[in-house]
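*Asks:* curious how this folds, go ahead:
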Amino acid sequence: MSGRTTPPTTRRWLGLAVIAAAQFMVIMDTSIIGVALPEMQVDLGFSQENLSWVFNAYVVTLGGLLLLGGRLSDLFGARRVFSTGWALLIVGSVVAGMADTVSVELVGRAVQGGGAALIAPSALTLLMMLFGSDPRELTKALALYGAAAPAGGTAGVFLGGVITEYVSWPWVFYINVPIAVAVLAAVPAVMPAGGAGRRGGVDVFGALTVTGGLAAAVFAIVQAPEVGWDAGQTWLVLAVAAVLLVVFVAIQNARREPLMRLGIFKTPNLAAANLTQLLLGAAWIPMWFFLNLYLQQVLGYSAFPSGAALLPMTVLIMIGMIALAPTAIGRFGPKVIVTGLLVLAAGMGWLSLVRPEGSFWVDVLPASLVAALGMSLAFIPSLGTAISSARPEEGGLAAGIVNTSYQVGSALGLAAMTALAAAQGADQLGEPTALTEGFSAAFLGAAVIAVVGAVAAAVLLRRPPTPPSETAAGEKAAPDSAKQQNRV
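*Replies:* Numbering: from 1, shown residues only. This is a model prediction of the structure:
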């Protein structure tokens, strides 16, 4: 990131608004399709088991190519890669909106994921370029950036409901186009130029093997309930996934300029924070996915009321990330992640008690608010810990890794919970009792994943040590909580 030019202070926050728009869009494109899924299923011919591929085609491509996006950001400049990602997102959105078959729809979603894979790590790199020199402002910027995720989720479920109910489902994709055009117009004025961070090659083969390995693993898990866990196809595809991922690791170990420098995981707290993000995604996304289906397929909500029903949850996440998470990080350090994951698990455990004859006010609202509180306490601390642990010159790589962790966890968690739900009856459309039993199993499984994440965070995360000079200064001047906040 050498040679970058940082915009004046009055423009940095405008730059953050554009960066937050990137996070907003990446998450909105995962959530906006949730309410539209039943109509897409009818129009395009998806089966109940394969419906999750509308989500997974995006997330697997995003997760698999994020490391490449981070590497390209370091090599060719974050602003350039950021803009390229938005252009690619426009193309994918148009293809997905125009699709009239399952295969074309999935291609469009995959192209969208490729664009998001360039946007997400370069956005975080640009954020570090704008605010990395001031720890206090960095914490505020990360909180606002993190809050853009639930804002995107809120807009996604709400706009998805409005568009599906009153226009048509293809417009859940077309809506990306004007937003992307506006961002591309604003980038030159508010983003630091910054040339290439350093010279080097691009590990295309590494990107292909990790993306192929993740896609194969998700495919095997999603198809297993239909073809059987003991079927030859299931184990063959899982074996292919394992081989591709092993090849990826071998490539990274052998190359002088790998896509992902394996030694980066020796950095204190970086591996632990990324593991936490992976498990957080694996718990949260299945809950959101099946809650959408419960509202529509069991409670009988149409698209717009279903989207509106999730607004309280996502609004609480935004408030928690902006007002609660930064204070909690400053006072308790990374260990606040443990509390967040346990609260999230409690909320999802409560959701597992949903009933076929249930109601929004009793079965959904209170439990979803508890889960939302847990999410707001876990997401920002784990994200900030992962990003701030890396060396400055590897900011793009660190951003790519942490985004990959969350998205890969989302894809694998949803695949596993889809398999679990189908095994418990969620594949029986029109049977509220069977559907509810399947969804309940998925909520409970997601809660278990959150508990595993809490245990991992409690065991592996360490509070950053206080430098001797800072300790001496702090004894005379600053409270311990303020010092800790400055370092996060």
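
*Asks:* for G92, what are its contacts?
*Replies:* 108-115 (Cβ atoms under 8 Å, 6 or more residues apart in numbering). (C-beta placed from N, C-alpha, C; glycine too.)

*Asks:* so G160 sits against G34, correct?
*Replies:* Yes: the pair formed by G160 and G34 meets the contact definition of Cβ atoms under 8 Å, at 6.2 Å.

*Asks:* would you mark the buried spots in the longest helix seen in the chain?
*Replies:* Secondary structure of the chain per DSSP state H: the longest helix is helix 9-44. Neighbour counts over helix 9-44 (16 or more other Cβ atoms under 10 Å) mark 12-13, 15-16, 18-41, 44 as buried.

*Asks:* then stretch 111-124?
*Replies:* Buried positions in stretch 111-124, judged by neighbour count with 16+ other Cβ under 10 Å: 111-124.

*Asks:* ok, so of the residues you listed, who is nearest Q223?
*Replies:* G113 (19.9 Å; Cβ to Cβ).

*Asks:* surely the closest one touches L66?
*Replies:* No: between G113 and L66 there is no contact under Cβ under 8 Å: 9.5 Å.

*Asks:* any stretches of the stretch 351-488 of the chain with poor pLDDT?
*Replies:* Applying pLDDT under 70 to the stretch 351-488 of the chain picks out residues 392-396, 463-488.

*Asks:* swap in 90 and give it another go.
*Replies:* Residue ranges of the stretch 351-488 of the chain with pLDDT under 90: 376, 379-416, 418-419, 422-423, 425-431, 460-488.

*Asks:* likewise for the stretch 201-350 of the chain?
*Replies:* In the stretch 201-350 of the chain (pLDDT under 90), the answer is 201-234, 252-273, 285-286, 288-289, 292-293, 296-297, 301-336.

*Asks:* helices along that one, start to end?
*Replies:* Ranges of helices in the stretch 201-350 of the chain, per DSSP state H, counting those that start in this stretch, are 204-227, 232-254, 270-293, 303-309, 311-319, 325-332, 336-351.

*Asks:* buried residues in the fifth one?
*Replies:* Judged by neighbour count (16+ other Cβ under 10 Å), helix 311-319 contains these buried residues: 312-314, 316-318.

*Asks:* what's it packed up against?
*Replies:* Where contact means 3 or more Cβ pairs under 8 Å, 6 or more residues apart in numbering; DSSP states H and E, helix 311-319 is packed against helix 135-166, helix 365-389.

*Asks:* from the contact counts, what lies against the longest helix of the chain?
*Replies:* Short answer (3+ Cβ pairs under 8 Å, 6+ apart): helix 9-44 packs on helix 53-76, helix 78-98, helix 102-131, helix 135-166, helix 171-174, helix 176-190, helix 270-293, helix 303-309.

*Asks:* any idea of the angle that helix forms with helix 135-166?
*Replies:* For helix 9-44 against helix 135-166, the angle by axes from the mean of the first three to the mean of the last three Cα atoms, to 10 degrees is 30 degrees.

*Asks:* just give me the closest of the buried residues of helix 311-319 to L351.
*Replies:* If you rank these by distance to L351 using Cβ to Cβ, M313 comes first, at 10.7 Å.

*Asks:* got a list of what the closest one touches?
*Replies:* 368-369, 371-372.

*Asks:* if we use 10 Å, what do you get?
*Replies:* 150, 153-154, 157, 287-288, 291, 347, 364-365, 367-373, 375 (Cβ atoms under 10 Å, 6 or more residues apart in numbering).
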